[in-house]
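sequence unknown, structure follows:
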């Protein structure tokens, strides 16, 4: 399970480096953090996320492959029409290439943190939020991959070997874990950068990079025959949600732009819930 091992390794390295960066930061006026964290609240969430990730990992390891008879019944016609585009695809090259942006994505929050003084001053807090976002994303992925039976696209073609098609690794297409983990990391980095630097002119470029990197991973996983289109889309959405929502839900002023406005017309009266984006 390279995806889980690499995720945990990068998280460990990130947490170690940000703590070092914070310790070496010279004494200066500390800009208030836009986030509020609590060990009593976030500790159990992180612990639960890591625990469920381990449970999901155990389910994946113990998942069974398929038999030759079951393989013979795998027909492209049985796949939803929107997922038939890459049924039968298989590329070892694309699979290996997908690990380049995947692995690089874990460094994006670290790079943003080390390059930005405002973030470095709150390195420990950001590291905790990063771990929380990744643990939630990891739990959702591993549990889904361990519980849901769905063969990869490569099973439906002739390019992959019979052994590759039958092993349990080829029976966990749902959903795209590489894409989910990558999107969690990149969108987390973009969200934190925006919250610490709301007036920065670099924000559009940071968000563009955050969106592009997991999209590239998704394309390569699609081309490799590892995931269907819907698996990649769902993985992208879940990763983006974890990366953005975890910091957002910890903001000290998360309800600042939310208001209730009276509404009235010729034949009605009521209230409207309004959120103003900035």
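Noted; the coordinates are in hand. Just so it is clear, the structure is predicted and the values come from calculations on it, not from any experiment.

so what does residue 158 look like in phi/psi?
Here is the backbone geometry of residue 158 (degrees, to the nearest 10): phi -110, psi 0.

tally of neighbours for it?
If you count neighbours by other C-beta atoms under 10 Å, residue 158 ends up with 10. Using the backbone N, CA and C atoms, a C-beta is placed for each residue, glycine as well.

cool, and residue 64?
Neighbour number of residue 64 under other C-beta under 10 Å is 9.

phi, psi of it?
phi -90, psi 150.

could you list the low-pLDDT ranges of the stretch 51-200 of the chain?
Counting by pLDDT under 70, the stretch 51-200 of the chain shows no low-confidence range.

which residues are in contact with the residue nearest to residue 60 when sequence neighbours are not counted?
Spatially, and ignoring its direct neighbours in sequence, residue 60 is nearest to residue 146 (4.5 Å; C-beta to C-beta, 6 or more residues apart in numbering). Going by C-beta atoms under 8 Å, 6 or more residues apart in numbering, residue 146 touches 55, 56, 57, 58, 59, 60, 63, 172.

cool, residue 224 as well?
Neighbouring residues of residue 224 by C-beta under 8 Å, 6+ apart: 89, 90, 91, 92, 93, 94, 95, 98, 154.

I'd say the third one and residue 222 touch.
Spelled out, it's residue 91. No - under the criterion of C-beta atoms under 8 Å, residue 91 makes no contact with residue 222, lying 10.0 Å away.

neighbour-wise, which of those two wins?
Comparing residue 91 with residue 222 by other C-beta under 10 Å, the one with more neighbours is residue 222, at 23 against 18.

state the distance from the more buried one to residue 98.
The gap separating residue 222 from residue 98 is 9 Å, by C-beta to C-beta, to the nearest Å.

residue 113 is in contact with residue 120, correct?
Yes - between residue 120 and residue 113 there is a contact under C-beta under 8 Å: 6.1 Å.

of those two, who's got more company?
Taking other C-beta under 10 Å, residue 120 and residue 113 do not tie; residue 113 has more neighbours (27 against 17).

can you tell me the closest non-neighbouring residue to the more buried one?
Distances taken as C-beta to C-beta, 6+ apart place residue 119 nearest to residue 113, at 4.6 Å, with adjacent residues excluded.

ok, the one you found - contacts?
112, 113, 126, 192, 193, 196.

next up, identify which helix or strand it is on.
Applying DSSP states H and E as the criterion places residue 119 in helix 117-120.

any buried residues in the helix or strand harbouring residue 43, and which?
When elements are assigned from DSSP H and E, residue 43 belongs to helix 39-61. By 16 or more other C-beta atoms under 10 Å, the buried positions in helix 39-61 come out as 42, 46, 49, 50, 52, 53, 56, 57, 59, 60.

was I right to think the last one contacts residue 177?
No - counting by C-beta under 8 Å, residue 60 stays clear of residue 177, with 9.6 Å between them.

which neighbouring elements make contact with the helix or strand residue 219 falls within?
Assigned by DSSP H and E, residue 219 belongs to helix 203-223. Other elements packing on helix 203-223 under the criterion 3 or more C-beta pairs under 8 Å, 6 or more residues apart in numbering; DSSP states H and E are helix 92-105, helix 108-115, helix 177-196, helix 229-249.
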